[in-house]
Every structure is written in C-alpha cells, then in structure tokens.
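Asker: coordinates only, no sequence provided:
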C-alpha cells in the first residue's frame, strides 16, 4: 500500500485496515468509518476503464439496489489518487474461496446460497439491471449461525464495462459461466439465469459442466449437451437442465420463476438418504486421509485430572526485553520442562534432553516426582510470560515464579538452574497480582508488560481494566502492578478477553435476544489499545463457545456450538472469518509452528496446516483432558476417565503425516 494512498485516505472519512482482494476493476480494501467504526469495502475503480462522466450515469442505478442479497453501494469516495466505491463489507470472503478449501458443502447449504443469489437477481432484474458476470468470485459471504448468507457484488459494473469495451465482442465476463449468447455480445436477464445454473451444478457436483481453454469453453456452451452426474439429487436435475438450455427462450422466464423452482425442490429433498457425514456436517472435507495408529513413545500414570499442559523446551528462553534479567537461564543440558495444571496445583516435571522424541528409550520413566506448587483456589488458565507463570483462578491472578520449580528440582537432587542474584530463594512464593469480587476474564500481553481484565459489573455494564506490569520481579514485596486504567463499557454476558499482540486486546460478549433474554444470537467484539483506546467494535452473528489466541498477531480460533465438526478462524486485520471443516468433533485445540492439532473426546486427532487443509489423522486415546505441542513435533496428551488417567508422549515425525519438520 503506497504512502501517498494512505496519506490521501487519512483525509477521508475512512481508515484503511488492509487489502482484501484484487479484482478486474482494481484493488479492494477493508476500511472503517472514522466516526462510527462500521466496516466498509473500498473498491478502487480504474480511471481509464471507467471515465467519471460515464460512470456517474450508472452510479444512480447502483445506489438504487437495496437488497439483503446484494452488496449495497453507499457512495463514491474521491481522493487525489483515485476513486473508490464505498460498499458493504462481507467478512466471509468469496464463494470461490469457500469452494476451493477442499471441503464439500451440505446440499441444503448449496441450495440456500443459490436461493440467496436468485433473490438478489430478482430484485435487480425488476430494476432492469443485468449483472452479466455471475460467478463464485462475485458472490460474497457473511457469516450466520446456520452457515452463510450470499450477497452479489459488482452489480452493474460488469454491464458498464461491457458497454465501454471496444473489442467488438464485448464478452467481458468469465467464459466458464457465460451463456451462449454472451459470446456474441448479447445479454439479458436470461444470461444471468444460465450463470446461476452453472453455479448450482458446480456447488452440487464439485466441478463445472464444461472445462478447458476459452475457445473450448465457447464451443461447449454453444454445442455440447449438459450431462448431469448421479451425485446431484434427482429433483434438481431437470431444474439445472432447464437453466442451462442453449436458447434463452427455453430457460426459466425470470429469476423469480427459477427461485420458486429451487425452493420447491429443496423442500422435497430427503437428506436422510445421504451418507451420515454429509447429512450432519455443514462442511465435509473431500480429502479422505487414512488415520495413523497411535503409538506413544511413553505413557505415565496420572494421579489427578490435568486441565492444561504446557511445555518449556531448553531451547526456549522466556526472556523480557533486552537489558532485563531472565527468570530462567536455560541450560542446554537440562532438557524439557512440562507444566501440568490439575485443580489448584501446578506440577512441573523435568525430562532429560531428547526424551520427548523417538531417539531415546520409549520406556523412560522419571525417577523423581514432579515439583508441585499449590494455590488457594482452582486454576482456570496458566500463561507463561517472561516473569514466570501467571495463574488465573476463579477470583484472582497469581504470579508463580519459575524459580519455585527450579528450587524444588534442586531439592530433589536435580541440577540447580541459575537465578537472578538479587532474588533470594527464600522469597520465591506465589504472588497475588490482582483480586476480583465478580465474574471476570483476563489476558496478559505476550511480552508480559501489561494485563487486561474485564469484570461484569451489572447486567448491562462491564468494566475493562489495564494493569501495567514490571518485567522484573521484586521477590521481597511481590510483583506490583503499575497504574490501572478503568473503562466502563455497556455490555453484558461477558465471554472472554484475549490479547491480540503486545499493543492490543479484544473482549467478547454474548449477544442475547432482547425479547427472550435467553437465546444467544451472536458475539460482540471490541478491540482496545494497551492504553485503553477503543479502535472499533464488530458483531459476529454466530454464537461462540470459546476463543483461543494464536501466535499469529490478530488471528483467533473459536468453536461454535452449532457446528461441532468445524472451527472458526478469525483474522482481525482486516476482519475475515473462515470455517475449517474436519471429520471429527474437536474439543481441544493446540497450535504448532506448522498448523493446528484438533482432538475429539473419542480420541480422534486431526492435523491441519496454517491454511486449514487436512494433513493427517491419528486414532488417539479417548477421554482427553489436555493437549500440547512441544518443540514442534512432540505431542503431549493427558486423559482421565473413571478416576484413572495417563500422560502420553508422541513423536509426530514418526507418523505417516504430510508434515515437514
């Protein structure tokens, strides 16, 4: 993004948040309105392709299209660097991106998206506006609890582009979706209906009826009959054949007629005849990867249920900023440390170097018991930061110096790790950082410089507080938070608070139906700076069960109660949402340098890369309670059932997985 463009848009009503796409008409940016914080898409228009005098003639038609299934055009933004259409922003991306994710949509969702498109076309055709370029790239998605809502974009621009074409043919659309008459420069409402027929075929079959180079596509659209695969439900086959007739007069007479036909067919379909996976899953992966057998390197008996696992490798240094003292001075000979959270206790077990991989004896069993640190109440979350372990409990936040575990290991006969000279061991005790009297959530910056909390004050109000934390510990007096910033916010039903990076954090609150005050209809998200400034607020129209931060700045993972076989990937800069479909019902998530590890209660494990593509599956042990990835290849799994549990160690490098370590 050029500095000149940023400078010019600073003078406008909108603040650029990032580039989201590159279309045939120019770049598309996500931007927020400076006063309201509402998100918009700014679509750049090439001056050579769209002279202002001709475009203004068409702009009034674009502004007249107000429909739930059409991306609304609100205004034309002029700057010294160009012109931008101000459009509705759709955080779900394009239909093409959803279709290329190696997943198959549920047939009901396919029909729902086509119904949305036909409803938008019906509205536009009633105003004598033809799209001329219906294709998945021009269908934008917005998230909803049951799936997505489809909205048509670039309405009218395609026709305007065609009118300005000087090549004699005027076929500026996409050959794969063009009606036969479009290759001769003709178009009508029926041309859009033909494109919708291609789209419906592709959604249901997984491929288009015709393929090849542009010349081959032209010949196929003009002469080749359509062959309907048996995978398309029988009630929809005559409907598709009618929409794809070569002659416009033989197709549906209008978009509204085809809309009613699709609705009737959708109501007549019997989804119980589908395979069980297709019947129940919104997204079903098309890559059927065989599951690997579970062969642990080591397994240890647990004496209590573990709620969280964290691994600290000898090669990982928990260091503050340059010039500050380290709580740990890792020794390369010390190996790995594994932290276990169970109830109100934190256990730390030291393993020799390399014991968490297959190069050592798989029957290794530590002779010494783990070092245990007890807190006054059960621990909800453990965060490793430069100062040590921050333990978030039901009513308080404690700092547990890692030196406590070092001292305990020394008492057990293990090698003592170096400690800061000004930190006498007799003062190494858990320190109370903050205490709360109501329900609260908390998050700590990755750098450890600040802590943010959100406390529910009343049914309609919450308080967000920011605590400035020192990076070095004063063991004589404990850790002393700095100045506290308090922010009152009109929100209720607090869900979670998550640090996005070292400068920003976000709060999540349930949106409840105001009539019943019991049905959760979505999530409200607010983004703050570390100094308490509010950057913006967004609404996700889908309930969330839990939200996980990742090592990628501004990227979050969430689980949706309505879709147990998928996880929601949320990027905040700019805002984008993506559902990642799996063949399991994940209950636990762990992040690795190469992607994600998802584990279900029945023990099935799915591994996804950073783009959400399946990389393999493992048949793991049932009843998992916690998982963690150490060194990028060591997978730790804790299980518990009927008073018994195990801690398993797995070397993923020895599995038949499509992963490069």
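Answerer: Cool, got the structure. Please read all numbers here as calculations on a predicted model, not as lab measurements.

Asker: every contact and neighbour count from this point should use C-alpha atoms.
Answerer: Will do.

Asker: quick one, helices of the stretch 401-550 of the chain?
Answerer: 403-411 (DSSP state H, counting those that start in this stretch).

Asker: any low-confidence regions in it?
Answerer: 406-428, 472-480, 483, 492, 515-518 (pLDDT under 70).

Asker: at 50 what do you get?
Answerer: For the stretch 401-550 of the chain, applying pLDDT under 50 flags the ranges 412-426, 474-478.

Asker: I'd like the distance between residue 454 and residue 511.
Answerer: 16 Å (Cα to Cα, to the nearest Å).

Asker: residue 133 reaches residue 192, doesn't it?
Answerer: Yes - with contact defined as Cα atoms under 8 Å, residue 133 reaches residue 192; the gap is 7.5 Å.

Asker: residue ranges of the helices in the stretch 101-250 of the chain, please?
Answerer: Going by DSSP H, counting those that start in this stretch, the stretch 101-250 of the chain shows helices at 107-126, 157-164, 189-205, 214-223, 237-243.

Asker: pull the distance from the first one to the chain's centre.
Answerer: Averaging C-alpha coordinates over helix 107-126 and over its chain gives two centres that are 26 Å apart (Cα atoms, centre = their mean, to the nearest Å).

Asker: quickly list what residue 600 is bridged to.
Answerer: residue 586 (DSSP bridges).

Asker: do the same with residue 616
Answerer: residue 607.

Asker: okay, it: pLDDT?
Answerer: Here the pLDDT value assigned to residue 616 is 87.

Asker: do you know how far it is from residue 209?
Answerer: 31 Å.

Asker: could you do residue 600 as well?
Answerer: As for residue 600, its distance to residue 209 is 38 Å (criterion: Cα to Cα).

Asker: name the residues that touch stretch 220-240?
Answerer: 178-180, 197-198, 200-201, 204-205, 209-210, 241, 244, 246, 261-262, 265, 268-269 (Cα atoms under 8 Å, 6 or more residues apart in numbering).

Asker: filter the residues you listed down to the buried ones, PyMOL style.
Answerer: Burial among those is assessed by 16 or more other Cα atoms under 10 Å; the matching PyMOL selection reads:
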select buried, resi 178+179+180+197+198+200+201+204+205+209+210+241+244+246+262+265
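
Asker: hang on, the earlier thing: out of the helices of the stretch 101-250 of the chain, deepest packed?
Answerer: Of all these, helix 189-205 carries the top mean neighbour count, a mean of 24, counting by mean count of other Cα atoms under 10 Å.

Asker: what lies in contact with that helix?
Answerer: 99, 105, 107, 110-111, 114, 117-118, 121, 125, 130-136, 177-179, 181-182, 207-209, 229, 231-232, 240-241, 243-245, 248, 251-255, 258.

Asker: kindly report the same for stretch 242-255.
Answerer: 118-119, 121-122, 125, 179-180, 189-191, 193-194, 196-198, 221-223, 226, 258.

Asker: tell me the mean pLDDT over it?
Answerer: Stretch 242-255 shows a mean pLDDT of 95.

Asker: what about it, start to end distance?
Answerer: Stretch 242-255: ends 12 Å apart by Cα to Cα.

Asker: roughly how far is it from the heart of the chain?
Answerer: That offset, for stretch 242-255, works out to 39 Å (Cα atoms, centre = their mean).

Asker: buried residues, it. List them.
Answerer: 242-246, 248, 251-252, 254-255.

Asker: which two from the residues you listed end up farthest apart in space?
Answerer: 246 and 255 (16.7 Å; Cα to Cα).

Asker: bridging residues for residue 148?
Answerer: Here residue 148, judged by DSSP bridges, has bridge partners residue 143.

Asker: hmm, I was thinking of residue 15
Answerer: In beta-bridge terms (that is, DSSP bridges), residue 15 pairs with residue 32.
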